[in-house]
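In: Sequence and predicted structure are below.
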Amino acid sequence: MVFAYCPQHADEQVDGVWANDEDGWSFTCDRSGHVLPGNYTWTKQLEPPAGVAYTGVVEELGLAVELPAALKRHTGVWVEYGVLEAAYAASRPADWERLVTMYGHRALGPSTYTASKFLARTLSNLARQGAVVLRMGPATGLWANNSTISWWSLPPEPEWDLRHSFDDSKLTFEYVPGQTAS
């Protein structure tokens, strides 16, 4: 959950509610004692949490914008990581090829660090910021050997029964440059 402190009550933690893409999060303090009578409401786009700087490849490829944009193809549902990865690859093929060239991919063979791990870590940072939401769930597709995998959505968090898995999508790994797995 995203929260902020009321500017007029430094000790009042207020839970945020996703407003929209322009405003970001909306916060309402219902405590009395504001400068103007009644509730105090404000909106703000959250900055990355301390220690999360979007630099290097993340900044160059605009992943803080492009990954949530890829999720917009599946608004209102949870998507398994592989579905999001394929959506990003389709929307930014040259950037995706660059990541696979730099880090590899399980569809190309075993690797200790992959483009998938790089994107998942970036998504985790975006989830801490509140730009996307994360839930762990069952793994399908190439990742089925994992007991769980990350599932992603845009805020607000949809019901868990609204899911789209890699297997549901009938995707193959053709989106991975040089792939040999199917």
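Out: That came through fine. Residues are numbered from 1 along each chain as shown.

In: can I see the domain layout of the protein?
Out: 3-44, 56-169 (automatic domain parsing).

In: Show me which parts of the helix of greatest length in the chain are buried, residue by residue.
Out: In the chain, with assignment by DSSP state H, the single longest helix is helix 115-129. Across helix 115-129, burial judged by 16 or more other CB atoms under 10 Å covers 115-116, 118-120, 122-123, 125-129. Quick note: C-beta positions are derived from backbone N, CA and C, even for glycine.

In: where are the low-confidence patches of the protein?
Out: 1-2, 19-24, 45-55, 180-182 (pLDDT under 70).

In: Now distance to Tyr175 too, for the domains of the chain, in JSON lines please.
Out: JSON lines is the format used below for these (distance: least, CB to CB, whole Å):
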{"stretch": "domain 3-44", "distance to Tyr175": "26"}
{"stretch": "domain 56-169", "distance to Tyr175": "4"}
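
In: Looking at those domains, spot the one closest to Gly178.
Out: Gly178 lies closest, by CB to CB, to one member of those: domain 56-169, at 5.9 Å.

In: From the opening residue of the closest one to its closing one, how far?
Out: 32 Å (CA to CA, to the nearest Å).

In: Over to stretch 161-177?
Out: End-to-end distance of stretch 161-177 (CA to CA): 32 Å.

In: Excluding its own residues, what touches it? List them.
Out: 74, 76-83, 85-86, 89-90, 96-97, 100-101, 105, 107-108, 137-138, 140-143, 151, 179, 181-182 (CB atoms under 8 Å, 6 or more residues apart in numbering).

In: again, only this time at 6 Å
Out: Under the contact criterion CB atoms under 6 Å, 6 or more residues apart in numbering, stretch 161-177 has outside partners 74, 77-80, 82-83, 86, 89, 97, 100, 105, 107, 140-141, 179, 181-182.

In: Now Phe27: closest residue in space that isn't a chain neighbour?
Out: Val14 (4.5 Å; CB to CB, 6 or more residues apart in numbering).

In: can you give me the helices for this structure?
Out: In the chain, the helices defined using DSSP H lie at 56-60, 63-71, 81-91, 93-103, 115-129, 166-169.

In: Just put these in TSV and tack on distance to Trp25.
Out: As requested, the helices of the chain are exported to TSV (distance: least, CB to CB, whole Å):
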stretch	distance to Trp25
helix 56-60	22
helix 63-71	14
helix 81-91	22
helix 93-103	28
helix 115-129	10
helix 166-169	30
